[in-house]
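In: predicted model and sequence below, questions to follow.
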2 protein chains.
Amino acid sequence: MSQSDRTPRVRLVDVARAAGVSKTTVSDALNGAGRLPAATREHVQKVARALGYRPNATARLLRAGHTRLLGLAAREYVETPWVYADLAYFSQIVTATTQAALAHGYGVVLLPTYGPDDCWLDIPLDGVFVIDPVEGDPMVRDFLAAGVPVVADRRALAEVPVETREAGRWVDFDYGAAVRQVLDHLEAAGAERIAVVAGATTACFHQQSVRAYHEWCAERGREPRIACLPAPGVEHTLQAVTELLAAPAPPDALFTLVELSPPLLLDTIRRLGRSVPGDLLLVCTTEDSAACYTDPPISTLSFLPGETAQAAVDLLVDRLEGREGDPGHLFSADFRVRASSAVPERRGARRG
Amino acid sequence: MSQSDRTPRVRLVDVARAAGVSKTTVSDALNGAGRLPAATREHVQKVARALGYRPNATARLLRAGHTRLLGLAAREYVETPWVYADLAYFSQIVTATTQAALAHGYGVVLLPTYGPDDCWLDIPLDGVFVIDPVEGDPMVRDFLAAGVPVVADRRALAEVPVETREAGRWVDFDYGAAVRQVLDHLEAAGAERIAVVAGATTACFHQQSVRAYHEWCAERGREPRIACLPAPGVEHTLQAVTELLAAPAPPDALFTLVELSPPLLLDTIRRLGRSVPGDLLLVCTTEDSAACYTDPPISTLSFLPGETAQAAVDLLVDRLEGREGDPGHLFSADFRVRASSAVPERRGARRG
DNA sequence: CCCTTGTGCAGGAACGTTCCTTCACGAATA
DNA sequence: TATTCGTGAAGGAACGTTCCTGCACAAGGG
């Protein structure tokens, strides 16, 4: 049987007919509008309830001219169907975006990142938050061309035709500065051979981070020790760590840029016969709160998914509701120094 | 400035006027329908592109009669705004639901779990997946009353008026059986004092699990050792574990029903001076893949969020597209025995 | 008694599409 | 030449609301 076989939903006019009034009266009675005596209002409500009437959401939206729906897309792995929540960062972005949106009375739609061209334009959205847009991102371009406000980063907005740019807002992160902050900290704590584990994605976070690391090393004449993962996955990450630590003249500090369970990393390092922070200083880029419950607690670099999402939604809603508001927001990372990268006693406070 | 101040979007009729044709022709030309010579088609497309025309998604949906949008709601903590992705289970449900939905050409809307009555009915949805519905769940009731197909569990559907029940499909889990399976395994491995860490939510998972534990203990004349967390949070969980292990005649097996980072739990147990599995057998209910990379690897109980979500979406889409399909699907948990609960050498293979 | 004012409600346009029906016209056929 | 047929395109209804406009009627004031 097909969808149309089912008994069709009861509409406003059906209620009107049953109650012996016009659709105006029904609409007014149900929405608390118009000039109606209580008797009429109650009568209509009773009939509506008896018939099981529920207004059609789509029709209301068409009338209203807005949908109170915000799109959310993570573009990091555009080629794969969907990977949002595998990483704590995205997972928290999703949660925070949804919470912020709900607080403003908006719902959130998780957008496809692939599919037939423009397929996302079939979804009725008031605005969109695009995380990690790719270069010349068609999604950003399409939505802005369609007049749908977008929050992305400044680079993505700069790539878009000027005439459509007005509806764009941005949230930016200075990933390079965050990486340098961590490296400076490790250097100050006495580290001389800092190794880095990075992913291999197109995300500007990774690109900027790796570039910053290379520059930082070049400035000091240090040789970069970097492991770029062939693919996401716990086993690849642990494998990379193992190889880094097995090298001749092994690193005395490790800085992971990829999401990995901090207690698991600690466990792995110990199994390789190294102690933290005695033999190896450790800083993890992670959103996993387990980092501060290990022994020793692990220093973390966070890119504040919660704050980012909140700002993105605020920017979008300001724009949607006609408030001027800011054109965007620049964030700084949250670097928490804990025991895993504190200066170990037996090393002395600082070099030199 | 208000929203209406902005230059209004260009509509189908605007293109029609500009191209000197009727709206029928424009619609046909753009959608590849109708009988039009290539010349007309191209001309219309060129004009449309020049004007920057994008069809209005809401209007199309109203015509189409469906929205290709599926709602997703986790009702475990109905009173709080939104907590989906804080837990790996929900996080994976979200990911898997979205992937499955996209594969069928549907988008996913993350639904509010609180808010003004019926507020969810303002969202144009074709179907809804409700995880962990509460007793007499108003969301399930409202959607079914509105004729929107729902996937929930059998109990939730049984509470709904018979005449609206037809649109309901179910995915069920026998949580009690899963818990008994784990307890039997631990008993077979020689455990005599099995402690359990449970949450304190209204979710039927927790209710059924805890009940099963109590029944299992009663059948054997064992005294239950259960810690129910006052609130979600890593520190509460670790605190509960610490207290359980500090008790006189401490447990020789631990079974956690709440989400917790397995390597962190292992680390904590060791800090308390116990070894796994030597002093303490360990089974974690978790979706965290880190469990199999620790030393020793940790036995896990999984409730298969990926499979559950996939089944829910399939059920929904079958119903939406008029296929008969199954009324529901009953799942069994996935219990993976690893070294953390294997029979330790020095204990002997079995009791008795 | 006529004009105003207010109340209670109906009619119908509008939101922006899609698609069914109709129509005009030129070519082919009887 | 009259009839069919196919092609190209226009007109307008429909989707289900909301809301603007306006009508009928009763009450009140001059």
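Out: That came in fine, so what should we check first?

In: now the closest residue to A:D137 other than its chain neighbours: how far from A:L51?
Out: Excluding its sequence neighbours, the residue lying closest to A:D137 (C-beta to C-beta, 6 or more residues apart in numbering or on different chains) is A:A156, at 5.6 Å. (Each C-beta comes from the backbone N, C-alpha and C, glycine too.) From A:A156 across to A:L51, the span is 49 Å (C-beta to C-beta, to the nearest Å).

In: of these two, who's got more company?
Out: A:A156 (25 against 15; other C-beta atoms under 10 Å in any protein chain shown).

In: just the pLDDT for the more buried one.
Out: If you check A:A156, the pLDDT there is 93.

In: tell me which element it falls in.
Out: In the assignment (DSSP states H and E), A:A156 maps to helix A:154-158.

In: chain center to that helix: distance?
Out: Computed by C-alpha atoms, centre = their mean, to the nearest Å, the chain-centroid distance of helix A:154-158 equals 17 Å.

In: same deal with stretch A:47-66?
Out: 33 Å.

In: ok so, going back, so the residue nearest to A:D137 is in contact with A:V130, correct?
Out: Yes - counting by C-beta atoms under 8 Å, A:A156 does reach A:V130; the two are 7.0 Å apart.

In: shared neighbours, these two?
Out: A:137, A:140 (C-beta atoms under 8 Å, 6 or more residues apart in numbering or on different chains).

In: how about the helices in the stretch 1-150 of chain A?
Out: Remark: helices assigned in the stretch 1-150 of chain A by DSSP state H, counting those that start in this stretch are A:12-19, A:23-31, A:38-51, A:57-64, A:88-103, A:138-145.

In: next one: the stretch 151-300 of chain A
Out: A:154-158, A:175-188, A:204-220, A:234-246, A:262-271.

In: surely A:R319 is in a helix?
Out: Yes - using DSSP: H, G, I helix; E, B strand; the rest coil, the assignment for A:R319 is a helix.

In: for it, give me its contacts.
Out: Shown in contact with A:R319 (C-beta under 8 Å, 6+ apart): A:127, A:149, A:167, A:169, A:325.

In: just the buried members of those residues?
Out: The neighbour-count test (16 or more other C-beta atoms under 10 Å in any protein chain shown) marks A:127, A:149, A:167, A:169 as buried among the contacts of A:R319.

In: which ones among those residues map onto strands?
Out: Among the buried ones among the contacts of A:R319, the members falling in strands are A:127, A:169 (criterion: DSSP state E).

In: reformat the buried ones among the contacts of A:R319 as TSV; add pLDDT and distance to A:F143.
Out: Shown next, in TSV, are these (pLDDT from 0 to 100; distance: C-beta to C-beta, whole Å):
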residue	pLDDT	distance to A:F143
A:G127	97	8
A:P149	96	8
A:A167	91	8
A:R169	96	12
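
In: from the buried ones among the contacts of A:R319, pick the one nearest B:L70.
Out: A:G127 (20.5 Å; C-beta to C-beta).

In: partner residues bridging that closest one?
Out: With DSSP bridges as the criterion, A:G127 is bridged to A:L70.

In: tell me how far it lies from DNA strand D.
Out: Distance of A:G127 to DNA strand D, given as C-beta to the nearest atom of the strand, to the nearest Å: 21 Å.

In: do A:A191 as well
Out: From A:A191 to DNA strand D the distance is 64 Å (C-beta to the nearest atom of the strand).

In: check the burial of the nearest residue to that residue once chain neighbours are set aside by counting its neighbours.
Out: Once flanking residues are discounted, A:A191 sits nearest to A:A253: 3.6 Å by C-beta to C-beta, 6+ apart. Using other C-beta under 10 Å, A:A253 has 24 neighbouring residues.

In: what residues are up against A:A253?
Out: With contact taken as C-beta under 8 Å, 6+ apart, A:A253 is in contact with A:186, A:189, A:191, A:193-195, A:280-283, A:341.

In: dump the residue contacts of the spatially most central residue of chain A.
Out: For chain A, the residue nearest the mean C-alpha position is A:I93 (3.6 Å; C-alpha atoms, centre = their mean). Contacts for A:I93 were tallied using C-beta under 8 Å, 6+ apart; they are A:72, A:74, A:84, A:131, A:305, A:308-309.

In: repeat for A:D28
Out: So A:D28 contacts A:34, A:36 (C-beta under 8 Å, 6+ apart).

In: could you do the one 4 residues further on as well?
Out: With C-beta under 8 Å, 6+ apart as the criterion, no residue contacts A:G32.

In: gap between A:Q208 and A:P305?
Out: A:Q208 is 17 Å from A:P305, by C-beta to C-beta.

In: and for A:L61?
Out: Counting by C-beta to C-beta, the gap from A:L61 to A:P305 is 30 Å.

In: more neighbours: which of those two?
Out: Just comparing A:L61 and A:P305: by other C-beta under 10 Å the higher neighbour count belongs to A:L61, 24 against 21.

In: show the pLDDT at the more buried one.
Out: If you check A:L61, the pLDDT there is 96.

In: touching, it and A:P124? I think so.
Out: Yes - counting by C-beta under 8 Å, A:P124 is a contact partner of A:L61 at 6.4 Å.

In: list residues touching both of these two?
Out: Contact criterion C-beta under 8 Å, 6+ apart; residues shared by A:L61 and A:P124: A:67, B:58, B:124.

In: surely the second one is in contact with A:R60?
Out: No - counting by C-beta under 8 Å, no contact exists between B:T58 and A:R60, whose distance comes to 9.6 Å.

In: ok, these two, which is more surrounded?
Out: More neighbours surround B:T58 than the other of B:T58 and A:R60, with 25 against 16 (other C-beta under 10 Å).

In: so who does A:H236 touch?
Out: A:H236 neighbours (C-beta under 8 Å, 6+ apart): A:229-230.

In: tell me how far it lies from chain B.
Out: 11 Å (C-beta to the nearest C-beta, to the nearest Å).

In: wait, isn't A:P124 in contact with B:P55?
Out: No - counting by C-beta under 8 Å, A:P124 does not reach B:P55; the two are 10.8 Å apart.

In: buried residues, the lowest-mean-pLDDT helix or strand in chain A. List them.
Out: The helix or strand of chain A with the lowest confidence, counting by mean pLDDT, DSSP states H and E, is helix A:88-103 at a mean of 89. For helix A:88-103, a neighbour-count test (16+ other C-beta under 10 Å) marks A:88-102 as buried.

In: from those, which are also near DNA strand C?
Out: Among the buried residues of helix A:88-103, no residue lies close to DNA strand C (C-beta under 7 Å from any atom of the strand).
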